[in-house]
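S.K.: Task: produce atomic coordinates for the following.
(one chain, ligands or ions: 1)
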Amino acid sequence: MHNFDAKLLALLRGASRVAILTGAGISAESGLPTFRGPGGWWRNYRAEDLATPEAFERDPQLVWEWYRHRRAQVQQHLPNAGHTALAEMQRRAGHLTLITQCVDRYHQQAGARGVIELHGNLIESRCLQCGAQTEGATEIWREGLPYCACGGLRRPAVVWFGESLPGAALQQAFRAAEECDIFFSIGTSALVYPAAHLPHLARDAGAAIVEINPEKTPLTPQAHWFLQGRAGEILPGLVQAFS
Ligand code: OAD
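M.R.: Numbering: from 1, shown residues only. Okay, the predicted model is just below:
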């Protein structure tokens with residue numbers, strides 16, 4: 001059991017607004033690979049080949065093969081104790097905004113509400129012709145590619161490198177960062193912008209910054225508390241502070 005600093009617990013109890021940013025590390029204990037950690041996707045594959053608009057133009061079958069594989073992984077695993085603790089924290093806290101870079105929808109599956117998805121999600125796809133965005137069940141697959149009922153090719157409903165983040169989600173996330181008393185950065189390498197900008201925005205606006213990660217990141221020197229360890233082991237204990 002992690003031993004929490006009394007000052008941090010007091011701050012949590014008194015906080016009226018909490019903002020939380022999560023990254024692939026929150027789902028690591030579920031069995032999903034991260035991007036940059038050991039066994040991470042970008043250790044074995046090049047993002048330019050799988051996660052850019054150019055890659056999709058060049059070889060949509062290859063890109064879809066990867067996303068279908070990741071969808072299958074998400075279906076084969078489950079949210080973990082970290083996801084459950086965050087959903088519970090949200091129920092107990094006065095006002096808690098959950099912002100995620102994850103595309104697995106595990107936060108929602110664990111019961112979190114109003115999750116801001118900065119990088120889209122794996123579950124849905126979007127038609128390049130009519131723009132409709134719906135779940136995979138509506139895809140019509142032909143020769144390794146999914147089509148829309150209108151006949152258009154569908155693409156994964158995720159944000160690729162070189163693309164803008166969904167504007168409304170980003171604005172909501174910025175607002176939550178600026179207005180919170182305490183900001184958590186959990187399971188993210190804090191390297192990919194604009195998501196990585198959020199804790200700095202929160203800090204500049206006077207919030208306390210708490211980082212949960214087994215490894216140090218570029219954010220660590222700026223964090224008021226660095227809780228070193230796994231989210232699924234640390235978060236269940238932290239929930240008690242919100243009772
Ligand atoms: P990364 O793979 O870059 O970082 C994962 C972080 O989680 C690392 O800092 C790990 O140390 C940490 N970690 C690993 N296991 C953990 C655990 N059990 N508990 C807590 N932390 C743990 O993933 P992201 O930061 O999410 O973008 O990457 C950001 C973006 O880059 C992703 O959303 C994706 C990727 O390319 C897009 O797809 C647009």
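S.K.: who's in contact with stretch 131-145?
M.R.: Contact with stretch 131-145 is made by 60-61, 64-65, 71, 123-127, 146-150, 153-154, 157, as judged by C-beta atoms under 8 Å, 6 or more residues apart in numbering. For every residue, glycine as well, the C-beta is placed using N, CA and C.
S.K.: Restricted to strands, list those.
M.R.: Ile123, Glu124, Ser125, Arg126, Cys127, Pro146, Tyr147, Arg154, Ala157 (DSSP state E).
S.K.: Just put those in CSV and tack on pLDDT, neighbour count and distance to Pro38.
M.R.: Formatted as CSV, these follow (pLDDT from 0 to 100; neighbours: other C-beta atoms under 10 Å; distance: C-beta to C-beta, whole Å):
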residue, pLDDT, neighbour count, distance to Pro38
Ile123, 96, 18, 27
Glu124, 97, 19, 30
Ser125, 98, 27, 30
Arg126, 98, 17, 32
Cys127, 98, 21, 37
Pro146, 98, 20, 32
Tyr147, 98, 18, 37
Arg154, 98, 25, 33
Ala157, 98, 21, 28
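S.K.: Just the closest of those residues to the ligand, please.
M.R.: Ala157 (11.8 Å; C-beta to the nearest ligand atom).
S.K.: I figured that closest one hits Cys127, correct?
M.R.: No: the pair Ala157 / Cys127 is not scored as a contact, 10.2 Å apart, by C-beta atoms under 8 Å.
S.K.: Relative to the whole chain's centre, how far out is stretch 122-137?
M.R.: The chain centre lies 20 Å from the centre of stretch 122-137; the measure is C-alpha atoms, centre = their mean, to the nearest Å.
S.K.: close to the ligand, is it?
M.R.: No: with C-beta under 6 Å from any ligand atom as the criterion, the ligand is not reached by stretch 122-137; the gap is at least 9.8 Å.
S.K.: Quick check: Leu96 touching Val18?
M.R.: Yes: Leu96 is within contact range of Val18, at 4.4 Å (criterion: C-beta under 8 Å).
S.K.: any residues in contact with both of these two?
M.R.: Joint contacts of Leu96 and Val18 (C-beta under 8 Å, 6+ apart) are Met89.
S.K.: hmm, back to that, would you check which pair of the ones in strands among the contacts of stretch 131-145 lies furthest apart?
M.R.: Ile123 and Tyr147 (17.6 Å; C-beta to C-beta).
S.K.: residue ranges for the strands of the protein, please.
M.R.: Using DSSP E, strands in the chain cover 18-22, 96-100, 116-117, 120-127, 133-135, 140-142, 145-147, 154-158, 182-186, 208-213, 225-228.
S.K.: Present those strands as TSV; the columns should include distance to Lys7.
M.R.: Putting these into TSV (distance: least, C-beta to C-beta, whole Å) gives the following:
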stretch	distance to Lys7
strand 18-22	16
strand 96-100	20
strand 116-117	28
strand 120-127	37
strand 133-135	44
strand 140-142	55
strand 145-147	51
strand 154-158	39
strand 182-186	12
strand 208-213	9
strand 225-228	9
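S.K.: Now Ala85: closest residue in space that isn't a chain neighbour?
M.R.: Leu235 (3.7 Å; C-beta to C-beta, 6 or more residues apart in numbering).
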